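K.L.:
After the sequence you'll find the predicted model.
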Amino acid sequence: MPAKLYKLDLSPPARAAIMACEIFKVPVEMVDVNMLERENLTPEFLKMNPCHTIPVFVDGDFVIHDSHAMLMYFADTYGNNSPLYPKDIKQRTLINQKLFFNDGVLFTRLRNITYPAFVHGVKGATKMQLDDLQETYDFLEAFLSRHKFLALDHITIADIAAYATVCMFHYIVPLDTNKYPKLAAWLKEMEKQPYCQKYNAAGAKAFGEYMKSVTETK
Ligand SMILES: N[C@@H](CCC(=O)N[C@@H](CS)C(=O)NCC(=O)O)C(=O)O
């Protein structure tokens, strides 16, 4: 049986996993999970991933339920020494650090706003939540002043994970390109990548517009 990636195009971590499948030519069948219909809460799904999140990668009895772990696994298994995830231990550590930054800071701050709306129908964002998102622009500008990309001077899997998340922030927190020129340039550069155009752009736009529609300052 071929491996399967359970995904939803609206989801940033799912889009990161889909892009990585394309980049590393992972032999995988894509399976859509309709979260609005709560397909992620069925007993079958919860057996795969008790955390009821997508994406989930399933290859026989081998299951990965975190997109960052997927990106690392895909790069190591199918990447053929790709510069997207070099073997050098210090470079890897810098990349891992930014993968954790994406999960723990960028995605978490976004999720704090979108999860209540998407899952519980609770609309609106507090000023603090929006300020938290705005603050990530400061973090990113500082990181991108050290290196051309988030972890190193070339694109790595950390950029792919973070871009899938950050590319939608401007829908609810406008980006001042004069104040954040490095971040603006990084967003433009990532947007140009063929895998971002093909597998990220449409889902990001749809979810960005959704975010805008459910967000208002309280
Ligand atoms: N750390 C996880 C986060 C995955 C995640 O939270 N996905 C969201 C969609 S963007 C989800 O499935 N939420 C549904 C839920 O939490 O019930 C990853 O990177 O894969």
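P.N.:
Ah, there it is. Numbering: from 1, shown residues only.

K.L.:
mind listing what Pro27 touches?
P.N.:
Pro2, Ala3 (Cβ atoms under 8 Å, 6 or more residues apart in numbering). The way it works is simple: take the backbone N, C-alpha and C, and place the C-beta from them, glycine included.

K.L.:
Kindly report the same for Met1.
P.N.:
Gly60.

K.L.:
From Val28, how far out is it?
P.N.:
For Met1, the distance to Val28 equals 11 Å [Cβ to Cβ, to the nearest Å].

K.L.:
Kindly report the same for Phe101.
P.N.:
26 Å.

K.L.:
How about Lys4?
P.N.:
For Lys4, the distance to Val28 - Cβ to Cβ - is 7 Å.

K.L.:
who does the lowest-mean-pLDDT helix or strand in the chain touch, helix- and strand-wise?
P.N.:
Within the chain, no helix or strand scores below helix 108-120, which has a mean of 91 by mean pLDDT, DSSP states H and E. Applying 3 or more Cβ pairs under 8 Å, 6 or more residues apart in numbering; DSSP states H and E, one finds that helix 108-120 contacts helix 127-146, helix 201-214.

K.L.:
In TSV: the ones you listed, plus mean neighbour count and distance to the ligand.
P.N.:
Shown next, in TSV, are the helices and strands packed on helix 108-120 (neighbours: other Cβ atoms under 10 Å; distance: least, Cβ to the nearest ligand atom, whole Å):
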stretch	mean neighbour count	distance to the ligand
helix 127-146	16	15
helix 201-214	16	8
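
K.L.:
could you dump those to JSON lines with mean pLDDT?
P.N.:
Shown next, in JSON lines, are the helices and strands packed on helix 108-120 (pLDDT from 0 to 100):
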{"stretch": "helix 127-146", "mean pLDDT": "97"}
{"stretch": "helix 201-214", "mean pLDDT": "94"}
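
K.L.:
could those go into TSV alongside distance to Asp32?
P.N.:
Below are the helices and strands packed on helix 108-120 laid out as TSV (distance: least, Cβ to Cβ, whole Å):
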stretch	distance to Asp32
helix 127-146	28
helix 201-214	11
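
K.L.:
Nearest to Asn34, out of the ones you listed?
P.N.:
helix 201-214 (14.0 Å; Cβ to Cβ).

K.L.:
where does this structure come near the ligand, residue by residue?
P.N.:
11-13, 35, 40, 52-55, 66-68, 103, 119 (Cβ under 6 Å from any ligand atom).

K.L.:
mind running it again at 8 Å?
P.N.:
8, 10-14, 16-17, 35, 40-41, 51-55, 65-70, 102-103, 107, 111, 114-115, 118-119, 161 (Cβ under 8 Å from any ligand atom).

K.L.:
taking these one by one, which sit in helices?
P.N.:
Using DSSP state H, the members of the residues of the chain next to the ligand that fall within helices are 12-14, 16-17, 67-70, 111, 114-115, 118-119, 161.
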